[in-house]
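# Okay, sequence plus prediction incoming.
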Amino acid sequence: MTGFVPRSGESWRDPFSMYADLRTNDPAHHVLEGNYWVLSRHADVIEAARDTETFSSAQGLTFTYDDVASVGLDQIAPMVFLDPPDHTEFRRLVARGFTPRQVSSIEPEVREFVISRIEASCVSGRVDIVSELLKPLPTMVVGHYLGVPVEDRSRFDSWVEQIVGASATGNILDAIDTVSQVIEYFSALVEDRRLNPGDDVISELVQAGDGAAVDPMRILGFAFTMMTGGNDTSTGMLGTGLDLLSQHPDQWRLLVDQPELIPNAVTELLRLSSPVQGLARTTTRAVELHGKVIPPNTKVMLLYASANRDPLHFGPTAGELDVTRHPGQILTFGHGAHYCLGAAAARLMGRVVLEELASRCPHFSVDSNNGTFSAGNFVRWFDSLPFDPGLRRSDT
């Protein structure tokens, strides 16, 4: 019988057969326990993501009701919980820190970091690539964008790890002391950036307008969103991407032999990995879909990962890796008003990691059978993934 069962931990190994079943047999699926609906086809998911008037983010992004207030996030109002027009104005201010110049300016630092971690892995011979590279890399990038001074990075790294872990399981209260420390730290950083602006997003927000145009609580909410949303998602994309390439050596060989294919391959890996497997919205009116009626004030899960593998949109080979494919409209970063601001940074990390692996470890492999998946119902990512750099030998 067709049904949606939330995944977590080891059950993340194969959610895709469930998604295929839903797409084929029940594309507008009602989950009785919890009273929420699940959309699984590309056309339905992209339309719901676009229609923010009907599918609101203000009541939270999980299928649990009152999830925003229950963890106290209603007080700092993260941008992801805002609908237009409030979301539009705040996003306009934040976007100043995510220009192409900002993204390109961090590439040398990203590349230096990646090279150092890959070379260390080659010396060790076999490492957990998640702890060695895939988790600390996005943490470093997020710290850069938020303007966290280098001398504070070790503290920041620890905070991110604790908050991401608690957020993944939906028990953010488990990290309440850490959250308090983060709020205290960024409150002080906001005040410092009023007097000493830097080249970071916090400074951009603080200096907007007359210097007091942005509510400090909104800035704190943005910092919190960056910490929770910019880490496990990028780690998930990188880990799952390496696993896919390890399972399809012919595709990896194409990238080693033709590195110019790597930027396009990143898009294909993003499509198939879909770190954020799905997020919820809340209906503001009744919605008729596939002969059913979804009532107003009802949670609706948008299955991005299922939509990204929909044969009705991507063709009969939708579930296969093809690094030469030009997939077009993927939903990995969402769509419309809530399209991920960090998409360019995520693509940058993916491209640099693949370029350096192709150059330095053309015969790498990962052992996903002995890897572990993280807990949590919304983000699919390896919490550990054994990595073998391969013999350092010529490809010829």
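Structure's in. What do you need? Treat the numbers as computed from the prediction; the structure is a model and nothing was measured.
# all strands for this structure, in order.
Assignment of strands within the chain using DSSP state E yields the ranges 28-31, 36-39, 55-56, 127-128, 279-283, 287-289, 292-294, 299-302, 365-366, 372-373, 382-384, 386-388.
# can you put these in CSV and add mean pLDDT?
CSV is the format used below for these (pLDDT from 0 to 100):
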stretch, mean pLDDT
strand 28-31, 98
strand 36-39, 98
strand 55-56, 96
strand 127-128, 96
strand 279-283, 95
strand 287-289, 97
strand 292-294, 98
strand 299-302, 98
strand 365-366, 96
strand 372-373, 96
strand 382-384, 94
strand 386-388, 97
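# Ok, which of those comes nearest Leu261?
Nearest to Leu261, of all these, is strand 365-366, at 20.0 Å by CB to CB. No exception for glycine: its C-beta is placed from N, CA and C like everyone else's.
# now what about that closest one, what contacts it?
Under the contact criterion CB atoms under 8 Å, 6 or more residues apart in numbering, strand 365-366 has outside partners Ile129, Leu242, Asp243, Ser246, Leu385, Pro386, Phe387, Asp388, Gly390.
# which among these end up buried?
Among these, those scoring as buried are Ile129, Leu242, Asp243, Ser246, Leu385, Pro386, Phe387, Asp388 (criterion: 16 or more other CB atoms under 10 Å).
# Name all residues that make contact with the fifth one.
Right, the one you point to is Leu385. With CB under 8 Å, 6+ apart as the criterion, the residues that contact Leu385 are Asp128, Ile129, Val130, Leu134, Gly239, Leu242, Asp243, Val366, Asp367, Ser368, Gly371.
# got a winner among the residues you listed for most neighbours?
Among the contacts of Leu385, the one with the most neighbours (other CB atoms under 10 Å) is Gly239, at 30 neighbours.
# Asp322 is in contact with His248, isn't it?
No: if you go by CB atoms under 8 Å, Asp322 and His248 don't touch, sitting 9.2 Å apart.
# which of these two has more neighbours?
Higher neighbour count among Asp322 and His248: Asp322, with 18 against 15, using other CB under 10 Å.
# and the gap between that one and Asp177?
47 Å (CB to CB, to the nearest Å).
# Buried residues of stretch 362-381, list them for me.
By neighbour count on 16+ other CB under 10 Å, the buried set for stretch 362-381 is 362-366, 368, 371, 373-381.
# for the chain, which spans come out with low pLDDT?
Counting by pLDDT under 70, the chain contains low-confidence ranges at 1, 67-81, 87, 96-97, 99-100, 164-175, 208-214, 391-396.
# Can you list the helices and strands that the longest helix along it packs against?
In terms of residue count, the longest helix belonging to the chain (DSSP state H) is helix 100-124. Here helix 100-124 is seen to pack against helix 136-146, helix 343-360 when contacts are counted using 3 or more CB pairs under 8 Å, 6 or more residues apart in numbering; DSSP states H and E.
# just to revisit the earlier point, could I get the buried ones among the contacts of strand 365-366 as TSV with distance to Pro327?
What follows is these, written out as TSV (distance: CB to CB, whole Å):
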residue	distance to Pro327
Ile129	25
Leu242	19
Asp243	19
Ser246	21
Leu385	24
Pro386	29
Phe387	27
Asp388	29
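# for these, which one is nearest Gly198?
Ile129 (31.7 Å).
# Who is the spatially closest residue to the closest one that is not a sequence neighbour paired with across the strands?
Residue nearest to Ile129 in three dimensions, not counting chain neighbours: Phe387, with 3.5 Å by CB to CB, 6 or more residues apart in numbering. With beta bridges defined as DSSP bridges, Phe387 has these partners: Val127, Val366.
# Isn't Phe387 up against Cys122?
No: with contact defined as CB under 8 Å, Phe387 does not reach Cys122; the gap is 10.2 Å.
# hang on, the earlier thing: quick one: which of the strands of the chain is nearest Gly334?
Comparing the strands of the chain against Gly334 with CB to CB, the closest turns out to be strand 279-283 (7.9 Å).
# For the closest one, which helices and strands make contact with it?
Of the remaining helices and strands, those touching strand 279-283 by 3+ CB pairs under 8 Å, 6+ apart are strand 55-56, strand 299-302.
# Put the alpha carbons of the longest one into CSV.
Taking only C-alpha atoms (Å, rounded to 0.1, in the frame of the first residue of the first chain), the coordinates of strand 299-302 have been written out as CSV:
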residue,chain,number,x,y,z
LYS,A,299,0.7,21.1,6.7
VAL,A,300,1.9,20.0,3.2
MET,A,301,5.2,18.3,2.7
LEU,A,302,7.0,19.2,-0.5
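# strand partners of it, parallel vs antiparallel please.
Paired strands of strand 299-302, with direction, are strand 36-39 (parallel), strand 279-283 (antiparallel) (DSSP bridges).
# can you check the shortest one too?
With DSSP bridges as the criterion, the sheet partners recorded for strand 55-56 are strand 279-283 (antiparallel).
# Convert the partner strand to PDB, retaining C-alpha atoms only.
Taking Å, rounded to 0.1, in the frame of the first residue of the first chain, the C-alpha atoms of strand 279-283 are listed here in PDB:
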ATOM      1  CA  LEU A 279      10.100  20.800   3.700                       C
ATOM      2  CA  ALA A 280       6.600  21.600   4.700                       C
ATOM      3  CA  ARG A 281       4.300  24.600   4.000                       C
ATOM      4  CA  THR A 282       0.900  25.400   5.500                       C
ATOM      5  CA  THR A 283      -2.100  26.000   3.300                       C
END
